[in-house]
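Novice: Predicted structure and sequence below. I'll ask about it afterward.
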Amino acid sequence: MQKDLAHPQLFNSSNMKRRGSMGLNNTVRNTGSLIQLKPPMSTPPSPTSTIPPHHHKIFKTITKKRSMKPSKSVNTKRSLLHDFQKELAICKSPWLWQKPFNTLVEASYNTGDITDCCWRSLGVGMMELKLDMTFPTGQTFRWKKTGPSEYTGVVGTYLFTLRQVVTDDDEEDVEYFVHNPSGFSQEAEAALRDYLNLSISLTDMWKGFAEADSRFAALAPYMGGARLLRQDPLECLFQFICSSNNNIQRITQMVQFLSGFGPCLGTVEGIEFHAFPSLEELSSFDEGQLRKAGFGYRAKYIVGAVESLKSKCGGGKEWLMSLRNLPLEEGIEALCTLPGIGPKVAACVALFSLDQHHAIPVDTHVWQLATRYITPELSGERFTPKLSRNVSEAFVKRFGKYAGWAQTVLFIAELSSQQAILPQHLQSTKATKSKTKLEELIDREMEV
């Protein structure tokens, strides 16, 4: 126990005065549980969640989560440590003055490393990244909402929590917390920025979209910050194999089951998070096990895709990464050689992980969306693979090389959770009638 307590990350404290989460009026928020980091595991963990000891909760209640922008000022860091000590002086619990924490305070005071256990700023406003319009919108199923405007998930081998905040100067920002024992590093932030596609400016992109399409121009003020992710291709591929003819709750359960075969990175708010498993780790189960776990016919596709990728020259993960260098048509054709991958799933993988920003995943819903706003001449026609290509071409013709981003925003705007906040003249009269089970479950997820 003492060894675990020596990790700065376990103190996971919250800003008491300086910042507040969106919608909380800058008041102190007690999340009520301590993040407990665990060593990597080669097998799925027990389904029984670990309940933090009572004294862990006491400690977190006192320290909260502090927030500060990156600073090299040792004085600034030491002032935070003084605040910690003042808070502890008020506490009557003798446990909190035991050696592990006291030693940490002394060491941190001398080295000025307190920022390693603090929230750090990404320096992006809500118009560039809005978490509620990015994570629960159907492009990934691995991030969990762990607080108001706060999401926790894994990028590579890093476990992050992100939150939307407003500073004392009324500036919007997104902050992140690294839960790994190693704490903050330039590599961790670089991986997160890459995953969030932060090198791409929504402001510049959306200006062009608004000039090209009146519907997009009208929606833009209400949809700011809806950003596409740049996911790991292997992780993205298996998520969307699970998504075939499925609903979001079941997809999430399947993806969570697969993820459980990867190393455990930690537990946040009672939820265990794992790095996505390698192909070798995914080979540890067979079709029968997956069927018993509720995968149905997708079980044979997952097993088949694993075997097919393992047979690729140079390795399956490397083969998938190499598709980023191919034209869209060749990349989709290559993906469709894998078991369980059709044109729509291939387009999703291309858009969300292979840098194919003009890929358009066309299903029945996108078809209906297109016939209302993009290709009204196709209204009343029967949805076919040939007309699906026509829809993709129409999106690209109108929105250009980032057409997939525009299509995603138009899709999100059709969800009932978003329709409710739009002015009446922008609400889609046909959206409710044409809503699919997938859309309904995405709506529920965004409303949680």
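Specialist: Noted; the coordinates are in hand. Numbering: from 1, shown residues only.
Novice: what ranges do the strands span in the stretch 51-200 of the chain?
Specialist: For the stretch 51-200 of the chain, the strands defined by DSSP state E, counting those that start in this stretch occupy 120-121, 144-147, 150-155, 158-166, 172-178.
Novice: Could I get those strands in a markdown table, plus columns for mean pLDDT?
Specialist: Shown next, in a markdown table, are the strands of the stretch 51-200 of the chain (pLDDT from 0 to 100):
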| stretch | mean pLDDT |
| --- | --- |
| strand 120-121 | 95 |
| strand 144-147 | 95 |
| strand 150-155 | 98 |
| strand 158-166 | 96 |
| strand 172-178 | 95 |
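Novice: Nearest to Gly296, out of the ones you listed?
Specialist: Comparing those by their distance to Gly296 (C-beta to C-beta), the top pick is strand 144-147, with 24.1 Å. C-beta: built from backbone N, CA, C; applies to glycine.
Novice: Tally up the residues packed near Gly260, please.
Specialist: Using other C-beta atoms under 10 Å, Gly260 has 17 neighbouring residues.
Novice: Also Asp169?
Specialist: 5.
Novice: is it true that Ser121 touches Glu175?
Specialist: Yes. Using C-beta atoms under 8 Å, Ser121 is in contact with Glu175, at 5.5 Å.
Novice: More neighbours: those two, which one.
Specialist: Ranked by neighbour count (other C-beta under 10 Å), Ser121 and Glu175 place Glu175 first, with 24 against 17.
Novice: Quick check: beta-bridge partners of that one?
Specialist: Beta-bridge partners recorded for Glu175 (DSSP bridges): Ser121, Arg163.
Novice: Show me what the helix or strand where Leu265 lies is packed up against.
Specialist: Secondary structure assigned from DSSP states H and E places Leu265 in strand 264-268. Counting contacts by 3 or more C-beta pairs under 8 Å, 6 or more residues apart in numbering; DSSP states H and E, strand 264-268 packs against strand 158-166, strand 271-274.
Novice: report the angle between the axes of it and strand 158-166?
Specialist: Between the axes of strand 264-268 and strand 158-166, defined by axes from the mean of the first three to the mean of the last three C-alpha atoms, to 10 degrees, the angle is 30 degrees.
Novice: could you check the angle strand 172-178 makes with strand 264-268?
Specialist: Using the same axes, to 10 degrees, strand 264-268 lies at 130 degrees relative to strand 172-178.
Novice: Could the C-alpha coordinates of strand 264-268 be exported in CSV?
Specialist: The C-alpha coordinates for strand 264-268 follow below in CSV (Å, rounded to 0.1, in the frame of the first residue of the first chain):
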residue,chain,number,x,y,z
CYS,A,264,-4.4,-2.8,-17.7
LEU,A,265,-3.4,0.9,-17.3
GLY,A,266,-5.5,1.9,-14.3
THR,A,267,-9.0,2.4,-12.8
VAL,A,268,-10.8,5.7,-13.0
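Novice: Quick one: mean pLDDT for that strand?
Specialist: Averaged over strand 264-268, pLDDT sits at 96.
Novice: tilt between that strand and strand 150-155?
Specialist: Orientation check (the same axes, to 10 degrees): strand 264-268 against strand 150-155 gives 180 degrees.
Novice: Could you check how many residues crowd around the spatially closest residue to Ile341 that is not a sequence neighbour?
Specialist: Closest residue to Ile341 apart from its sequence neighbours, by C-beta to C-beta, 6 or more residues apart in numbering: Leu335 at 5.1 Å. Applying other C-beta under 10 Å, we find 23 residues neighbouring Leu335.
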